[in-house]
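**Q** Here is my input, please return the structure:
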Amino acid sequence: MKPSFTPTTSLNESEHVLQSFSSDRMTYWREMAWISVVAMVLGMLVLWLMGNPHVWTGAVGGLAAIALRAFYLASDELKVRWDLTNQRLLGPNMRITSLGDITAVRPFLSAVQVVTSAGDKHLIKYQADRENVVRAIERAIAA
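**A** A predicted model of the protein is given here:
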């Protein structure tokens, strides 16, 4: 099965898309930069604790690892789209959540975490305005 980066679910009768949430390119790269900084510091810390005289190589390794990952995954991560309808939240790879099943919507770093009554957790990642996404989902649930 080929992965889908956008919702492929057919809309129900009388269902319509209220808003779509796509990954933001600048938010993606900003988050990768922060993850790189953390990886660099951790790499240097581990080498320092081990007594390695070349602590600086931890920074190079941390940066290289995250940069490689970021460039490799960027093309896929930036294609992801979620659709909010008047009945459901539709995500990639057949992720479907009825609005009535959503128990929590909260910001998490540059993402929005959606928790369902079954305990499923979904991340709508790399959102430039995550508070707006939270408000839109909460409005749809209330309607």
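**Q** got the buried residues for stretch 35-53?
**A** Within stretch 35-53, the residues scored as buried using 16 or more other CB atoms under 10 Å are 35, 36, 39, 40, 43, 44, 47. From N, CA and C alone the C-beta is placed, and that goes for glycine too.
**Q** what residues does it touch?
**A** Stretch 35-53 is contacted by residues 54-59, 61-63, 65-67, 70 when judged by CB atoms under 8 Å, 6 or more residues apart in numbering.
**Q** Stretch 99-117 too?
**A** So stretch 99-117 is contacted by 21, 27-28, 30-31, 86-89, 97, 118, 121-127, 130-131, 133-134, 137-138, 140-141 (CB under 8 Å, 6+ apart).
**Q** what's the distance between that stretch and the middle of its chain?
**A** From the chain centre to the centre of stretch 99-117 is a distance of 12 Å (CA atoms, centre = their mean, to the nearest Å).
**Q** CA atoms of that stretch as CSV?
**A** Extracted C-alpha coordinates of stretch 99-117, given in CSV (Å, rounded to 0.1, in the frame of the first residue of the first chain):
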residue,chain,number,x,y,z
LEU,A,99,-15.7,15.2,15.9
GLY,A,100,-17.8,13.7,18.6
ASP,A,101,-14.9,11.3,19.5
ILE,A,102,-12.4,14.0,20.1
THR,A,103,-11.8,14.5,23.8
ALA,A,104,-8.8,16.9,23.7
VAL,A,105,-7.1,19.3,21.3
ARG,A,106,-4.0,21.0,22.5
PRO,A,107,-0.8,22.6,21.1
PHE,A,108,2.4,20.6,21.3
LEU,A,109,5.6,22.3,20.1
SER,A,110,4.8,23.2,16.4
ALA,A,111,2.0,20.6,16.2
VAL,A,112,-1.6,20.2,17.4
GLN,A,113,-2.3,17.0,19.3
VAL,A,114,-5.8,15.5,18.9
VAL,A,115,-6.8,12.8,21.4
THR,A,116,-9.9,10.6,20.9
SER,A,117,-12.2,8.9,23.4
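**Q** Now for the protein, the helix or strand with the poorest mean pLDDT.
**A** Here the helix or strand of the chain ranked lowest by mean pLDDT, DSSP states H and E is strand 96-98, holding a mean of 92.
**Q** list the contacts for residue 11?
**A** 17, 85.
**Q** Just the ones of the contacts of stretch 35-53 in helices?
**A** Taking DSSP state H as the definition of helices, these contribute 56, 57, 58, 59, 61, 62, 63, 65, 66, 67, 70.
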